[in-house]
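please find the sequence and the predicted model below.
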Amino acid sequence: MALAYARIRRETTGAPGNQSATPTYATKILYPPAISVSCNLNPSHMMRDDEIRNIDEPLAAVPEKYDPTWAVESRMYPDTVGMLLACALGAPTTTAGNGVITDPDTVAIPVGAYRHVWTAPFVTGAIPSTLDLTAAYRDQATYFQLKGCATDTLAITSPESGGARISASGPALYMARISDPALSPSYEALTVLPFMRRHLTLSWLSGSATTEDFSLNIANPVEPWRSLGIESAYPDVVEKAESPVTFTGSIPKRQLDADDYDALLNATGFAATAKWVSSSIIASGYPYKLFVVFANCQYVAGNPGALENRRRIGASFDFKATTTGSAGHVTISLINSTTSYA
């Protein structure tokens, strides 16, 4: 197997980083047990074949600009989930377990466990949360650093096998090939299992049909830009786009049910919760947990399956978390052994 690793650090003061700016970093560092880490330069070279030069051959291309992107996919290990959420939504409110504070199921959280809560609206202001990514291709003796990495997409899936997955991606402001950083990766213990489909339970629309699958997507629109503030082939600024952070997903149903169809027809709002409870224990018999609580969830698209000569005909629905006017239409609670994401 290849020797390789990646390191993720949240950029804080002076963020986002770019070709000329190196921000300070949060104390928390993650070496994700990733399935895949992608670093893409996305160069755009100037082509000059349209020039009149009395030459009937293509002219040499000239480097003009770069628009780097990054992506990480991992199983849903509790610490990895927390770090990627923090990179996308900002640092959570963290409270140490003391046997008194509770999780969303009103179960007391013991000493040794920590409750991390993200509540909408998330990072305020025009600048999104950003991260610094180091990718070490050790067997190829090649190393990259990406700065000013914003997360514009975060996705969670729970396939039948292979463990639940989390993936994050977005634009970066700078990508450089660097010398060997000689880092010593430290990972979440192998005894801590990732969340799996068998750990997931849903509280959904009353009367809803049997669920076949569930996926969740967090869209955090961002815009990298060349502000002309520095001389660079890379963008130097990343800002939030006009749309708010949006939680959507899909929930195919194994049978067609009138309650689901009527909810789609009327855009009926309903409270919903997706909850993962791990078989790994943090302390005092308390397991790792992840709650995504929607105060108001609505079907925004969907269709019955085609009427055919089949015993079971299902339906597929797309949902969106929305607000009815009160803040906090989505609350994420992660309980793990990580003391802080600050």
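Nice, I can see it.

how much space between Pro304 and Ser250?
The gap separating Pro304 from Ser250 is 15 Å, by Cβ to Cβ, to the nearest Å. For glycine as for every other residue, the C-beta is placed from the backbone atoms N, C-alpha and C.

packing partners of the longest helix seen in the chain?
Selection of the longest helix in the chain by residue count, based on DSSP state H, yields helix 78-89. The elements that helix 78-89 packs onto, with contact taken as 3 or more Cβ pairs under 8 Å, 6 or more residues apart in numbering; DSSP states H and E, are strand 5-11, strand 25-30, strand 69-75, strand 114-119, strand 153-157, strand 165-171, strand 286-304, strand 330-336.

now the very next helix or strand once past that helix - C-alpha only, PDB.
Next along the chain after helix 78-89, taking DSSP states H and E as the criterion, comes strand 93-96. Taking Å, rounded to 0.1, in the frame of the first residue of the first chain, the C-alpha atoms of strand 93-96 are listed here in PDB:
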ATOM      1  CA  THR A  93     -20.200  25.700  20.500                       C
ATOM      2  CA  THR A  94     -18.400  23.000  22.500                       C
ATOM      3  CA  THR A  95     -19.400  21.900  26.000                       C
ATOM      4  CA  ALA A  96     -17.600  19.300  28.000                       C
END
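
neighbouring strands of strand 93-96 in the sheet, and parallel or not?
Partner strands for strand 93-96, per DSSP bridges, with pairing direction: strand 114-119 (antiparallel).

where does the nearest residue to Thr24 once chain neighbours are set aside sit: helix, strand or coil?
Nearest residue to Thr24, sequence neighbours excluded (Cβ to Cβ, 6 or more residues apart in numbering): Thr13, at 4.4 Å. Judged by DSSP: H, G, I helix; E, B strand; the rest coil, the three-state class of Thr13 is coil.

how close does Thr13 get to Thr22?
11 Å.

more crowded one of those two?
Thr22 (14 against 8; other Cβ atoms under 10 Å).

list the contacts of the closest residue in space to Thr273 that isn't next to it in sequence.
In this structure, Thr273 finds its nearest non-sequential neighbour in Ser203, 4.2 Å apart by Cβ to Cβ, 6+ apart. Contacts for Ser203 were tallied using Cβ atoms under 8 Å, 6 or more residues apart in numbering; they are 271-273, 275.

which one of these is nearest Pro58?
Pro58 lies nearest to Ala272 out of those, by Cβ to Cβ, at 57.1 Å.

ok, that closest one - contacts?
Contacts of Ala272 (Cβ under 8 Å, 6+ apart): 202-205, 293-294, 297, 319.

quick check, it in a strand?
Yes: Ala272: assigned to a strand according to three-state DSSP.

what about Pro185, how many residues nearby?
Neighbour number of Pro185 under other Cβ under 10 Å is 14.

likewise for Thr246?
Residues contacting Thr246 under the criterion other Cβ under 10 Å number 15.

ok, what's across the strand from the residue nearest to it when sequence neighbours are not counted?
Distances taken as Cβ to Cβ, 6+ apart put Ala219 closest to Thr246, at 4.7 Å, once the chain neighbours are dropped. Beta-bridge partners recorded for Ala219 (DSSP bridges): Thr153, Thr246.

who wins for neighbours among the contacts of Ser203?
Ala272 leads the contacts of Ser203 on contacts (other Cβ under 10 Å) with 21 neighbours.

how near is that one to Val111?
For Ala272, the distance to Val111 - Cβ to Cβ - is 31 Å.

kindly report the same for Pro32.
As defined by Cβ to Cβ, Pro32 lies at a distance of 27 Å from Val111.

out of those two, which sits in the more crowded spot?
Pro32 (25 against 13).

check contacts around the more buried one.
6, 8, 72, 74, 77, 80, 83-84 are the contacts of Pro32 under Cβ under 8 Å, 6+ apart.

same question for Ala263.
205, 208, 270, 298-299.

now the strands for the stretch 151-300 of the chain?
Remark: strands assigned in the stretch 151-300 of the chain by DSSP state E, counting those that start in this stretch are 153-157, 165-171, 174-178, 200-203, 215-219, 222-225, 237-240, 246-250, 270-283, 286-304.

what helices or strands is the last one leaning on?
Helices and strands touching strand 286-304, by 3+ Cβ pairs under 8 Å, 6+ apart, are helix 78-89, strand 246-250, helix 258-266, strand 270-283, strand 315-321, strand 330-336.
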